[in-house]
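**Q** Curious how this folds, go ahead:
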Amino acid sequence: QGAIADSISDIVWSHLSKYDNLIDSSELVGIDYHINAVIDKLSLDSEGVTMVGIHGLGGIGKTTIATAVYSEISTRFDRRSFLENIRETQKHKDGTMSLQKKLISNIMKTDSVGFVDNVNEGRRLIQDRVCLFKVLIILDDVDETFNFEDFFGNPKKFASGSRFIITSRNMKVLSTLNKNKCKLYGVGEMSPQLSLQLFCKHAFKKNAPPREYKVISKEIVSTTGGLPLTLKVVGSLLFREEIYIWKDKLAHLREMPEKEVVLRLRISYDALGYEAKQIFLDIVCFFIGMEKELPSYMWDDYKYHPASNINILIQRSMIKMGDDNEFQVHDQLRDMGREIVREENIEEPWMRSRVWQKHEGLNTLLDKKVFSNVLQIRLLILCNYLDTSLIFLL
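**A** Next up is the predicted model:
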């Protein structure tokens, strides 16, 4: 009877899982390419255990892609589990243990896992029971505080055919799993065409804007830098709003990103050390498009260790290096960084650590009484933008 009950349970679970979609496919735009690319890396027909790490900046769509892949392939596995918001969950007391309990509950199909009273016990149960099944496990939003083997134990003990999908803002976190042969997949910005379509799905509940909103829709989309989170947030805010509200929002977006987007992007910034933060703020204020050699001399002088900290910024998807070794930064990250500096003193620009606007820089250069408030080496960079004769006024 026990065997029959188990068989019935497996059949019911398998049947229900076909309809257990975690994502509304009607809201997805341009995601098929990413789904197919990740599935290809998973090598579903091969034996052994395979891990794929999806990385990119906050709001770029990593979780959406992982969720879509999960919904697409979950029925090919004996059991599956989606562990979301790992970074935030681990901040709480017993957060790691609660994640282990959820995993065991999902895989063993039971709510009774109260016997897990510490992380070591959770790891033992995972090795003894979870590893018996061919599993699909999603680890969403992992950071450097997550240790794979402390959580799961030896990955080689998992049943052949098991697959892991891990999302993270920090590529280095995924690179540490290379000993487990983790394959990396980076997610970039959306194209202008797909960006407009995604924006319209939220602003109009259609794939394209009405004729009278076409121009302003494209202008708003151009401020988002192809970031899906921004497109969704701004589109939803403008749904059924009058055109004058749209114009006001466009003017606002040209100055700074939407607040909800800034909060998500700041997670990566807040996790940086002091030196990396200073280098990032210098880049977004002064050095976008500039080759890294010259500012690196300045950072060396400040003991900011530019070689290692620039690498950290790249790993965390906060900057990129162009073909000519020049700094590249997503528009939304640029605006977020400049807003951080602006908030140092909103009313008096000369009291901030950095001044990059031409008119504000000119006023600061001409007023010797306020000049000392600005980091001089950074302010002098303004001579690239202003008349170089101003140097003699200092």
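**Q** ok, the strand or helix carrying Leu136: who's next to it in the sheet?
**A** In this assignment (DSSP states H and E), Leu136 forms part of strand 135-139. According to DSSP bridges, strand 135-139 forms sheet pairs with strand 79-83 (parallel), strand 163-168 (parallel).
**Q** what's the closest of those to His252?
**A** Of all those, it is strand 163-168 that lies closest to His252, at 30.2 Å by Cβ to Cβ. In this view, the C-beta of every residue, glycine as well, is placed from N, C-alpha and C.
**Q** Buried residues, the helix or strand that the closest one is followed by. List them.
**A** Per DSSP H and E, the first helix or strand lying C-terminal to strand 163-168 is helix 171-175. Neighbour-count burial for helix 171-175, counted by 16 or more other Cβ atoms under 10 Å, picks out 171, 173-174.
**Q** Kindly report the same for stretch 124-134.
**A** So, applying 16+ other Cβ under 10 Å, buried residues of stretch 124-134: 125-126, 130-131, 133-134.
**Q** now that stretch: how far from the chain's centre is it?
**A** Distance, stretch centre to chain centre, for stretch 124-134: 31 Å (Cα atoms, centre = their mean, to the nearest Å).
**Q** Format the CA atom coordinates belonging to it as CSV.
**A** Extracted C-alpha coordinates of stretch 124-134, given in CSV (Å, rounded to 0.1, in the frame of the first residue of the first chain):
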residue,chain,number,x,y,z
ARG,A,124,23.1,16.0,6.6
LEU,A,125,19.5,15.6,5.6
ILE,A,126,20.1,17.1,2.2
GLN,A,127,22.9,14.7,1.6
ASP,A,128,21.0,11.7,2.9
ARG,A,129,17.6,12.3,1.4
VAL,A,130,17.5,15.1,-1.2
CYS,A,131,20.4,13.7,-3.1
LEU,A,132,18.5,10.5,-3.8
PHE,A,133,16.4,12.3,-6.4
LYS,A,134,17.2,13.9,-9.8
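**Q** Tell me how far Met256 lies from Pro295.
**A** According to Cβ to Cβ, to the nearest Å, Met256 stands 24 Å off from Pro295.
**Q** what do you get for Met190?
**A** Distance of Met190 to Pro295, computed by Cβ to Cβ: 30 Å.
**Q** What segments of the stretch 1-150 of the chain are helices?
**A** Along the stretch 1-150 of the chain, the segments classed as helices by DSSP state H, counting those that start in this stretch run 2-17, 32-42, 62-73, 86-89, 95-108, 119-128, 148-152.
**Q** Out of the strands paired with strand 135-139, flag the one nearest Asn36.
**A** strand 163-168 (14.1 Å).
**Q** and the closest one, which residues are buried?
**A** 163-168.
**Q** out of everything not next to it in sequence, what's closest to Glu344?
**A** Arg352 (4.5 Å; Cβ to Cβ, 6 or more residues apart in numbering).
**Q** neighbour-wise, which of Met256 and Pro295 wins?
**A** Pro295 (22 against 16; other Cβ atoms under 10 Å).
**Q** For that one, list the residues it contacts.
**A** Applying Cβ atoms under 8 Å, 6 or more residues apart in numbering to Pro295 gives the contacts 282-283, 286-287, 306.
**Q** before we move on, which element is it in?
**A** helix 293-301.
**Q** Enumerate every residue touching Met318.
**A** Counted by Cβ under 8 Å, 6+ apart, Met318 has contacts 57, 268-269, 280, 329, 333.
**Q** er, Asn85 actually
**A** 140-141.
**Q** Buried ones in the next helix-or-strand element following the helix holding Pro295, by neighbour count?
**A** Downstream of helix 293-301, the next assigned helix or strand under DSSP H and E is helix 306-315. Of all the residues in helix 306-315, those buried under the rule 16+ other Cβ under 10 Å are 306, 309-310, 312-313, 315.
**Q** Where do the strands of the stretch 201-350 of the chain begin and end?
**A** For the stretch 201-350 of the chain, strands defined by DSSP state E, counting those that start in this stretch occupy the ranges 320-321, 327-328.
**Q** returning to what we had before: mind checking the helices of the stretch 1-150 of the chain for the one nearest to Lys181?
**A** helix 32-42 (11.0 Å).
**Q** re earlier: which of the contacts of Pro295 tops the neighbour count?
**A** That'd be Asp282 among the contacts of Pro295, by other Cβ under 10 Å, with 25 neighbours.
**Q** if I look at that residue, how far off is Glu339?
**A** 15 Å.
**Q** returning to that earlier point: tell me the two of the buried residues of strand 163-168 that are most distant?
**A** Among those, Arg163 and Ser168 lie farthest apart (Cβ to Cβ), at 16.7 Å.
**Q** can I get the buried residues of helix 171-175 in CSV with pLDDT and distance to Tyr302?
**A** Formatted as CSV, these follow (pLDDT from 0 to 100; distance: Cβ to Cβ, whole Å):
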residue, pLDDT, distance to Tyr302
Met171, 92, 26
Val173, 90, 27
Leu174, 91, 30
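**Q** and which of those residues is nearest Phe115?
**A** Among these, and counting by Cβ to Cβ, the member closest to Phe115 is Val173, at 30.4 Å.
**Q** just checking, the closest one touches Val142?
**A** Yes - using Cβ atoms under 8 Å, Val173 is in contact with Val142, at 5.9 Å.
**Q** Mark which of the contacts of Met318 are buried, thanks.
**A** 57, 268-269, 280, 329, 333.
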